[in-house]
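*Asks:* Build me a structure from this.
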Amino acid sequence: MKNSISQYLYSVCRQAAQEFRQIGQKVGERLLRTPLPKILVIILAIALLITIIPLIITLFIAFVLIRILLKIISVSVRQNRGKDSSVPYERRIKDIH
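*Replies:* Residues are numbered from 1 along each chain as shown. Below is the predicted model:
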């Protein structure tokens, strides 16, 4: 039984290798037909995307954290406004006017 499983896995791996080889050959043939400036533009575009995407993600996380921090600060300020209950209400109103 172990022999049949190993033969099956071997044939699957061989088939996958053959598929990848065919894909590589097609990509290679296509690259040989593509002009060099176009390949350079494609490579530069890929490099630009690789560098911009982490920047976008970092800025998004930074702005979300800043927004959460500001919400926490505003909630704590609102809660602290109502805690001046040691002074009677009438006296607080007289101090305002």
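*Asks:* what residue ranges in the chain score low on pLDDT?
*Replies:* Applying pLDDT under 70 to the chain flags residues 1-2, 82-97.
*Asks:* separation between residue 45 and residue 38?
*Replies:* 11 Å (C-beta to C-beta, to the nearest Å). Using the backbone N, CA and C atoms, a C-beta is placed for each residue, glycine as well.
*Asks:* mind checking which helix or strand the residue nearest the centre of the chain is in?
*Replies:* Geometric centre of the chain, nearest residue: residue 57, 4.9 Å, by C-alpha atoms, centre = their mean. Using DSSP states H and E, residue 57 falls within helix 36-81.
*Asks:* so how far is that helix off the chain centroid?
*Replies:* 9 Å (C-alpha atoms, centre = their mean, to the nearest Å).
*Asks:* mind giving me the domain split of this protein?
*Replies:* Taking automatic domain parsing as the domain assignment, the record places the domains of the chain at 1-33, 35-97.
*Asks:* What is the burial count for residue 24?
*Replies:* 10 (other C-beta atoms under 10 Å).
*Asks:* now do residue 45
*Replies:* Using other C-beta under 10 Å, residue 45 is surrounded by 10 other residues.
*Asks:* Could you do residue 81 as well?
*Replies:* If you count neighbours by other C-beta under 10 Å, residue 81 ends up with 8.
*Asks:* any idea how far residue 67 is from it?
*Replies:* For residue 81, the distance to residue 67 - C-beta to C-beta - is 22 Å.
*Asks:* what's the answer for residue 19, then?
*Replies:* When C-beta to C-beta is applied, the distance between residue 19 and residue 67 equals 48 Å.
*Asks:* Could you do residue 24 as well?
*Replies:* According to C-beta to C-beta, residue 24 and residue 67 sit 47 Å apart.
*Asks:* Repeat that for residue 47.
*Replies:* Distance, residue 47 to residue 67, by C-beta to C-beta: 31 Å.
*Asks:* what helix or strand is residue 10 on?
*Replies:* Per DSSP H and E: residue 10 is located in helix 2-33.
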